[in-house]
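> Quick one, what's the 3D model for this:
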Amino acid sequence: MALNLLELVTTGLMGEHAGKIASLLGEERSTVTGSLGAVSASVLAGIINKASTTGGGLDLLTKIRTGNLDDSFLNTFGSKLSGGKRTEDLLKTGSALVPFLFGSKQEQLCKVLAASTGLAKTSIPSLTGMIALFVMSIIGKQAASDNLDSEGLVHMLNAQIFSVQQAAPAALAPVLGLVSLSQLGGMPPSLPTGIPGNPASFAKSLWPFLLGIIALGLFMKTCSHPQVKETPPPAAEVAPDTAAAAPDTATVAPDSAAVAADSLGAFGEYELPNGVKLNIPEFGIERKLIAFIEDATKPVGKETWYSFDRLLFDTGKATLKPESQEQLGNLNEILKAFPNVALKFGGYTDNIGDPQANLALSKERAEAVMAEIVKLGIDNSRLEAEGYGDQFPITDNATEEGRQKNRRVDCRVTKK
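Predicted coordinates for the structure are as follows:
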């Protein structure tokens, strides 16, 4: 599954961290929570732009290593938000990191973020600094895990360009010295005319353009197919390495659910706006849904779906296993905490067997999830369910592992 740094950052900052940051800044928690996507994307855009300069990747890696911005920093980030000298040091370090990323454009950055988030302009420098440290630490953790050198770091950052473009304020482009955010990361505005003397350098500078051409070709190919009723969840929107929502065959490895659970990160307490506390995993669907609901910069659309990661059905049936009740209960509490939110459930299968039977089973499973939520007290007017059969696989059906991931139930927010 492709790495999405922006999602890791915003998910990691939600909940207790967001509440502490709001208290430090004297802002409403909802305002801070709603601004996390735009500010985090802006910081990542600054980092990507920095990496595109000569020696920028090495400068970033050096800054990460000398500042000990890695897993150890992330583990103590919450305690640094509790006031006192540790908080003062955090704010001081963060304020020094912002000019490293944005140079003399800090004032312009503050104006853009204040206009796009509703935060007080005086809150922006401190918030940007804190988030910059958190973002750099996420990057540092990933770089250490993958043993990346400066070139590997640049490649990893370039892979984040699309998600950052989608979330960053459009007015950020002039701050970064770009015509538009499509130029983020040093993408050439047009095809180079002539080959430089250094072929390796030329190839390195040309690859983002070639990737753009490939992406355009795939988009045109997709558009040539008949349209279906709804857009499926793109792979990037699906929870990383989720457990199979609906194992259909006896050949599934008996410990497959446990393996998937390991990829969800550590479980921790999360307090909802109504005071209810959930014990949910770091990268589970619950945190992803809450982050989307609370982020005012993310509009409701038909493209953003999330895969359940702890739902299990009886083989070939729409009967939910008892192990599914924990996640269904969490979803019920989330819907109670956000009474304006409405959801749609989508059921999917692999491509083994009769397509019509698969379609029927997928519909039954989506409806079974909806029925359970209604039983827990949510009005059915807030819920929808539809089956898509073997349409919209998130990975290749050629392997059992791929088929297992394609057998799933997803949901998306239809109103918030």
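
> what sits against Gly46?
Applying CB atoms under 8 Å, 6 or more residues apart in numbering to Gly46 gives the contacts Leu101, Phe102, Ala132, Leu176. No exception for glycine: its C-beta is placed from N, CA and C like everyone else's.

> what about it, which helix or strand?
Take DSSP states H and E as the rule and Gly46 turns out to sit in helix 29-51.

> buried residues in that helix?
Going by neighbour count (16 or more other CB atoms under 10 Å), the buried part of helix 29-51 is 31-51.

> what's the answer for stretch 82-101, then?
Thr87, Leu90, Leu91, Thr93, Gly94, Ser95, Leu97, Val98, Leu101.

> returning to what we had before: measure how far the helix holding Gly46 is from the centre of its chain, please.
Here helix 29-51 shows a centroid-to-chain-centroid distance of 13 Å under the convention CA atoms, centre = their mean, to the nearest Å.

> could you dump that helix to CSV, C-alpha only?
In CSV, the C-alpha atoms belonging to helix 29-51 read as follows (Å, rounded to 0.1, in the frame of the first residue of the first chain):
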residue,chain,number,x,y,z
ARG,A,29,-10.6,22.7,19.5
SER,A,30,-12.9,22.3,16.5
THR,A,31,-11.1,25.2,14.7
VAL,A,32,-7.7,23.6,15.3
THR,A,33,-8.9,20.2,14.3
GLY,A,34,-10.4,21.6,11.1
SER,A,35,-7.2,23.4,10.2
LEU,A,36,-4.9,20.4,10.6
GLY,A,37,-5.3,19.2,7.0
ALA,A,38,-4.5,22.6,5.5
VAL,A,39,-1.6,23.4,7.8
SER,A,40,0.0,19.9,7.6
ALA,A,41,-0.4,20.0,3.8
SER,A,42,1.3,23.4,3.6
VAL,A,43,4.2,22.3,5.8
LEU,A,44,4.6,19.2,3.6
ALA,A,45,4.5,21.4,0.5
GLY,A,46,7.3,23.5,1.9
ILE,A,47,9.3,20.3,2.7
ILE,A,48,8.8,18.9,-0.8
ASN,A,49,9.7,22.3,-2.4
LYS,A,50,12.8,22.4,-0.2
ALA,A,51,13.8,18.9,-1.4
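
> pLDDT on that helix, on average?
In this model, helix 29-51 has a mean pLDDT of 90.

> Toward the C-terminus, what is the element adjacent to that helix?
The first helix or strand that comes after helix 29-51 along the chain, using DSSP H and E, is helix 56-66.

> Report the angle between that next one and helix 29-51.
Angle, helix 56-66 to helix 29-51, by axes from the mean of the first three to the mean of the last three CA atoms, to 10 degrees: 130 degrees.

> For helix 56-66, buried residues please.
Under the neighbour-count criterion of 16+ other CB under 10 Å, helix 56-66 has Gly56, Gly57, Leu60, Leu61, Lys63, Ile64 buried.

> Could you check the pLDDT of the second one?
Predicted confidence (pLDDT) at Gly57: the value is 87.

> repeat for the last one
We have a pLDDT of 94 for Ile64.

> you'd agree it is up against Asp70?
Yes. Here Ile64 reaches Asp70: they are 7.1 Å apart, a contact under CB atoms under 8 Å.

> give me the number of residues near Arg287?
26 (other CB atoms under 10 Å).

> Now the element after the worst-scoring helix or strand of the chain on mean pLDDT, going C-ward?
One helix or strand of the chain scores below all others by mean pLDDT, DSSP states H and E: helix 256-262, with a mean of 42. Once the chain leaves helix 256-262, the next helix or strand it forms, by DSSP H and E, is strand 267-271.

> Helices along the stretch 51-200 of the chain, start to end?
56-66, 71-76, 85-102, 106-117, 124-146, 150-158, 161-167, 172-175, 199-223 (DSSP state H, counting those that start in this stretch).

> Show me which positions of the second one end up buried.
Going by neighbour count (16+ other CB under 10 Å), the buried part of helix 71-76 is Phe73, Leu74.

> now it: mean pLDDT?
Mean predicted lDDT for helix 71-76 stands at 91.

> Tabulate the CA atom coordinates of that helix in PDB.
Extracted in PDB, the C-alpha atoms of helix 71-76 (Å, rounded to 0.1, in the frame of the first residue of the first chain):
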ATOM      1  CA  ASP A  71      10.100   8.000  16.500                       C
ATOM      2  CA  SER A  72      11.500   9.000  19.900                       C
ATOM      3  CA  PHE A  73      10.300  12.600  19.300                       C
ATOM      4  CA  LEU A  74       6.800  11.400  18.300                       C
ATOM      5  CA  ASN A  75       6.600   9.300  21.400                       C
ATOM      6  CA  THR A  76       7.200  12.400  23.600                       C
END
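
> Poorly predicted segments of the chain, please.
For the chain, residues meeting the criterion pLDDT under 70 lie at 1, 186-262.

> how's it carved up into domains?
5-183, 235-415 (automatic domain parsing).

> Check the burial of the residue lying closest to Leu113 once chain neighbours are set aside by counting its neighbours.
Leaving aside its sequence neighbours, Leu113 sits nearest to Ile124 (CB to CB, 6 or more residues apart in numbering; 5.0 Å). The number of residues packed near Ile124 is 24, by other CB under 10 Å.

> Contact partners for Ile124?
Applying CB under 8 Å, 6+ apart to Ile124 gives the contacts Val39, Leu109, Cys110, Leu113, Ala114.

> one step back: find residues that contact each of Ile64 and Asp70.
Residues touching both Ile64 and Asp70 (CB under 8 Å, 6+ apart) are Ser137, Gly140.

> thinking again about what came up before, among the contacts of Gly46, which two are most distant?
The distance between the two most remote of those (CB to CB) is 14.5 Å, for Ala132 and Leu176.

> neighbour-wise, which of those two wins?
When Ala132 and Leu176 are compared for neighbours, Ala132 comes out ahead with 27 against 24, by other CB under 10 Å.

> ok, the more buried one - contacts?
Residues in contact with Ala132 (CB under 8 Å, 6+ apart) are Val43, Gly46, Gly94, Leu97, Val98, Leu101.
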